[in-house]
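Participant: What would the 3D arrangement of this be:
(one chain, ligands or ions: 1)
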Amino acid sequence: MGQKILVVEDNELNLKLFCDLLRAHAYGVEPVRDGREAVATARSFVPDLIVMDIQMPHISGLELIEQIKADADLQAIPIMAVTAYAAKGDEERIRDAGAEGYVSKPISVLKFVAAVRSLLEAAAARAEAEPDEMPVQMEAEAEETESPEPETQEAAAPEGEAAPEETPGDEERGEESR
Ligand code: MN
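Facilitator: All right, here's what the predicted structure looks like:
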């Protein structure tokens, strides 16, 4: 419903297919044929989702994903990567670069649309659930609770395999009852 999708794809037939498909589902679509224009167009178009081809001349989709995820203004926009060469480890590399979703070519129309929808829903849920300060508070708390007496645990470790797991639990219980 009025959500905007940037489609970065150098292949004209695929670009038309993706754009037609998304328009048919009532998304607003902006096509980008040259990956070198993707970041600037993302800035001006402000999409809710980016569909990103991986194999492109001049700049690869992986590089673009890394650039976008390193950009404070753009990093919250979910990216769905689309690639024809799904060798082992491809999906992992794409996710490591920061893409939230992955679809292999030739695409299944149903899976493509379902993946777009679920990424948009997940992004909307994240935006509602997370005030900006929360991650900072959680990090500070985690540092405090993770620090109790590592020396004691290391000393207990060589005596038995079960010891390292039991020791922290006993300490916590002891502290609580004091
Ligand atoms: Mn391509």
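Participant: What segments of the protein are helices?
Facilitator: 12-24, 38-45, 61-69, 90-97, 109-129, 134-146, 150-156, 163-177 (DSSP state H).
Participant: how about the residues of the protein near the ion?
Facilitator: Neighbours of the ion within the chain, by Cβ under 5 Å from the ion: 10, 11, 53, 55, 56. C-betas here are computed from N, CA, C, even on glycine.
Participant: Looking at the residues you listed, which are in strands?
Facilitator: residue 53 (DSSP state E).
Participant: Tell me if I'm right that residue 9 and residue 31 touch.
Facilitator: Yes. Counting by Cβ atoms under 8 Å, residue 9 sits close enough to residue 31 to count as a contact (7.4 Å).
Participant: Between the two, which contacts overlap?
Facilitator: In terms of Cβ atoms under 8 Å, 6 or more residues apart in numbering, residue 9 and residue 31 are both contacted by the residues residue 15.
Participant: Compare neighbour counts for those two and give me the winner.
Facilitator: residue 9 (24 against 16; other Cβ atoms under 10 Å).
Participant: got a list of what that one touches?
Facilitator: Shown in contact with residue 9 (Cβ under 8 Å, 6+ apart): 15, 18, 31, 32, 33, 51, 53, 56, 82.
Participant: sorry, back to before: can you list the residues of the chain next to the ion in TSV and add neighbour count and pLDDT?
Facilitator: TSV is the format used below for those (neighbours: other Cβ atoms under 10 Å; pLDDT from 0 to 100):
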residue	neighbour count	pLDDT
10	16	97
11	15	97
53	25	97
55	15	94
56	22	96
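Participant: and which of the residues of the chain next to the ion is nearest residue 102?
Facilitator: Nearest to residue 102 among the residues of the chain next to the ion: residue 53, at 12.1 Å, using Cβ to Cβ.
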